[in-house]
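> Next one to model:
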Amino acid sequence: NSARLVIMEISSQKGSHLVYNQKDPLRLALKTDPQGYLTEEAFTSTIDCIRGFASMCRFFHVTDMVAVATAAIRNAKNGMKLTPAVKEKTGVDLDIISGKTEAFMSYVGVVNTINVEDAVIFDLGGGSTEVILVRKRKLIDSVSLPIGCVNLTKQSRQGSMRGREDMKTMQKLIAEQMKKTPWLTGCGLPLVGVGGTARSIGKVEEKRIKYFTAKLHNFQFDIADFAIWYKGLLSTPPGMRRRIPGLSSDRADVIVAGSSIIKALADKCNSKKLIISGCGLREGLFCEYRHQHENMPLITPNILETSRIAAKIPFSIAHHSKTGTIDIEGAGNHQSHDEDHHRDFRIFEDAFLLHHPIPFPLKNNFAEIDILSQGTEALFVLCLCFVEDLRVVEIPAYGEKGKAKFLEFFQGKLKKRIVIGLEPQMPRGF
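Here you go, the predicted structure:
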């Protein structure tokens, strides 16, 4: 459905961070003729897109490049002819990866960024859907289904929603493909969704419940809520879909097909929960690159510890002191309960390991968190403190809007406050 460029920088301390991100909605699945060949327009638009990406890579002085093509080119009868054309016109070596490889890279991207043990991962793109069964963080089985939100829309004419016959055609096509996944039947595992359709559904749900932040990665909600929304979507005219809160206009014409695939997967698995992942194929490719070039584990044993390295956080948590640069001022009764006290410190540590550090302004040897401007990092710490009832002492927030937004989501139940104690010599912006 889309071509994406992601530029990452790796530091000498093995940390990494995103430098640049660009998206081009190529929709190659719509640029194929009835015989399954990529059209001249498909060749031209792809070459122009990659030429632009290559230019940005030169601008940012990129030293190594990994370029892959997926279903739309893989399934086209003349897809193999595109790679030499891209090489000739842009100098980029484009690798057409198999469905199995695509599924594996999506799996790597998810399990290295979401702490999930058992799940069914699906990567729903424009021309295919990769489905992966994960048990104890290991890939058990996978398959690449040749249906995606774009080519399924094209095959069943759902972009125009012309009638019940079109819907029946689409459901029949999906049902045929679901026969290839007998190992999913009734597994009861949560679904982890990768790709634009999954992210769009996550955005819609966040709008519906007035979620306190726009962050999507690891956003979780009940399949039952998705099923209710899906039922309403089917009766929504095409022209009205663009008005659905949270749904982008460029996704409105393919959302029915994409959502129908997710609904079929949820029914097949008897899943109760849907988890949205902002990481997938691209992150998996990056992990593979680091595994090959830096001898880093392909599947990290501890995603929180890896996050700390990636974020370059130069501190450790120290109990009952400021030696480790962070201290929690807890309620007195926690001092006498070692198990609870240890749990509280672990929760606090996890909160910092999961997000990049942010430059807190120092005041009287304490760092104040501005939840209005700092957004997800600060809110994540606060959420953990609320959910686990951590005994903490202050939540500074500038502006009534920020406070109101946070308190509205938690229905005014927040009673505890948090403060972060920093060593005086600790550099700002750690």
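> where exactly do the strands run in the stretch 101-250 of the chain?
Assigned by DSSP state E, counting those that start in this stretch, the strands in the stretch 101-250 of the chain fall at 119-124, 129-135, 138-145, 191-194, 219-222.
> The closest residue to Thr113 other than its chain neighbours and Lys203, how far apart?
Nearest non-adjacent residue to Thr113, counting by CB to CB, 6 or more residues apart in numbering: Cys279, 4.3 Å away. Backbone N, C-alpha and C define where each C-beta goes, glycine included. Distance of Cys279 to Lys203, given as CB to CB, to the nearest Å: 16 Å.
> try Met296
32 Å.
> who's more crowded, the two?
Legend: neighbour count by other CB atoms under 10 Å for Met296 and Lys203, higher for Lys203 (21 against 15).
> Torsion angles phi and psi at the closest residue to that one other than its chain neighbours?
Residue nearest to Lys203 in three dimensions, not counting chain neighbours: Gly246, with 3.9 Å by CB to CB, 6+ apart. Torsion angles at Gly246 (phi, psi; degrees, to the nearest 10) stand at phi 100, psi -10.
> quick one on the thing from earlier: which stretch among the strands of the stretch 101-250 of the chain comes nearest Cys269?
strand 119-124 (5.4 Å; CB to CB).
> Report the angle between the closest one and strand 138-145.
30 degrees (axes from the mean of the first three to the mean of the last three CA atoms, to 10 degrees).
> Strand 119-124 pairs with which strands, parallel or anti?
strand 129-135 (antiparallel), strand 191-194 (parallel) (DSSP bridges).
> Can you lay out those as TSV showing mean pLDDT and mean neighbour count?
Formatted as TSV, the strands paired with strand 119-124 follow (pLDDT from 0 to 100; neighbours: other CB atoms under 10 Å):
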stretch	mean pLDDT	mean neighbour count
strand 129-135	97	23
strand 191-194	97	26
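> From Cys287, how far off is Gly280?
Gly280 is 11 Å from Cys287, by CB to CB.
> Helices of the stretch 1-150 of the chain, start to end?
With DSSP state H, counting those that start in this stretch, the ranges of helices along the stretch 1-150 of the chain come out as 40-59, 71-74, 82-90, 99-111, 149-156.
> dump the residue contacts of Gly52.
Contact analysis of Gly52 by CB atoms under 8 Å, 6 or more residues apart in numbering lists Asp24.
> Quickly note the distance from it to Leu28.
In terms of CB to CB, Gly52 sits 16 Å off from Leu28.
> Over to Glu41?
Taking CB to CB, one finds Glu41 at 9 Å from Leu28.
> out of the helices of the stretch 1-150 of the chain, nearest to Trp183?
Once these are compared by CB to CB, helix 99-111 is nearest, at 13.4 Å.
> what comes up buried for that closest one?
Under the neighbour-count criterion of 16 or more other CB atoms under 10 Å, helix 99-111 has 99, 101-111 buried.
> Surely the residue nearest to Lys203 and Ile209 touch.
No: the pair formed by Gly246 and Ile209 falls short of the contact definition of CB atoms under 8 Å, at 10.6 Å.
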